[in-house]
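Asks: Let me see the structure of the following:
(one chain, ligands or ions: 2)
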Amino acid sequence: MTRLSIRNLTVKINGKQVIRNVSLEFKSPSLFFILGQNGSGKSTLLRAIANLIPFEGEILIDGKDVREFRRKELARVVGYVWQNPLYGFFEETVEREIKFILRNLNLPEENFSEIIDFFEISHLLNRSPFTLSGGEAKRVSISSVIVADQPIILLDEPESEMDLHGLSKIIEYLKKNASKKLIIVATHNPLIAYKLRNTVKAIYFLKDGQIIQEINPLRLEDEDFLISVGLIPINWWFK
Ligand SMILES: Nc1ncnc2c1ncn2[C@@H]1O[C@H](COP(=O)(O)OP(=O)(O)O)[C@@H](O)[C@H]1O
Ligand SMILES: [Mg+2]
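Replies: Ligands and ions are numbered 1, 2, ... in the order given. Sure thing, here's the model as predicted:
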């Protein structure tokens, strides 16, 4: 079991508090959602957990602060997938992009074929990651991180740009791994959280950098509630 403890987390960017005194406890295996409007601080929160930005307070993995891990040691434990795939790409081909983390962390290459089969990206291996379509890029960027099979996975808006097929794969991955890992998904879209209502452990609502409340998945059926917190109601599209 892995325990992730966030204690009094504050993140300041250009003097502004983007995350304000957030405290949360996560235990694996479980799937959690961080739901919030654009600009509420979801990506910043995930980046702090991955120790990609400076912060105040504590973020502990099994009692050890993420700032005390060596970089590669933390990369073995925490996988963070960027909201925008282009922020994470730097290799010349998709194959090199996905294999980079395995080589860098001295992990066996066995996972490689499994992940490219799962996300059906074998036809893209020789392409430059920078030439991919939005949905292709998303599948490759997720693969290039989770191929390392980290016990903690942070996914930033994984459903964006995904068509039915890509979305089904993500949902399959989340259902399968919710019983094995600690997975935290940040999104502004209640639909994906609702779709996983029987799998999710908790949904936290983030507003202006603060966790305002825990939302019961069935509350996502409440149109007035979602409108009141600035999220898109599930049946909004039908009207
Ligand atoms: N590097 C940065 N420079 C300036 N402002 C930033 C930076 N990163 C994030 N912010 C601001 O912090 C707030 C939270 O951003 P973010 O965590 O990306 O929100 P979310 O992921 O919920 O949309 C926003 O107001 C955003 O504009
Ligand atoms: Mg974001």
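
Asks: secondary structure element for the most centrally placed residue in the chain?
Replies: Centroid-nearest residue in the chain: residue 155, 1.2 Å away (criterion: C-alpha atoms, centre = their mean). Using DSSP states H and E, residue 155 sits in strand 152-156.

Asks: Need the contact partners of that strand.
Replies: 2, 4, 28, 42-43, 46, 49-50, 61, 77-83, 142, 145-146, 177, 181-186 (C-beta atoms under 8 Å, 6 or more residues apart in numbering). Bear in mind the C-beta positions are built from the backbone N, C-alpha and C, glycine included.

Asks: one step back: what residues are bridge-paired with the residue nearest to the centre of the chain?
Replies: residue 81, residue 185 (DSSP bridges).

Asks: Distance check, it against ligand 1.
Replies: Per C-beta to the nearest ligand atom, to the nearest Å, residue 155 is found 12 Å from ligand 1.

Asks: which SSE is residue 171 in?
Replies: helix 164-177.

Asks: mind listing what's buried in that helix?
Replies: 166-167, 169-171, 173-174, 177 (16 or more other C-beta atoms under 10 Å).

Asks: which one of those residues is nearest residue 72?
Replies: residue 177 (22.3 Å; C-beta to C-beta).

Asks: Surely that closest one and residue 183 touch.
Replies: Yes: counting by C-beta atoms under 8 Å, residue 177 does reach residue 183; the two are 6.0 Å apart.

Asks: Identify the contacts common to those two.
Replies: 31, 153.
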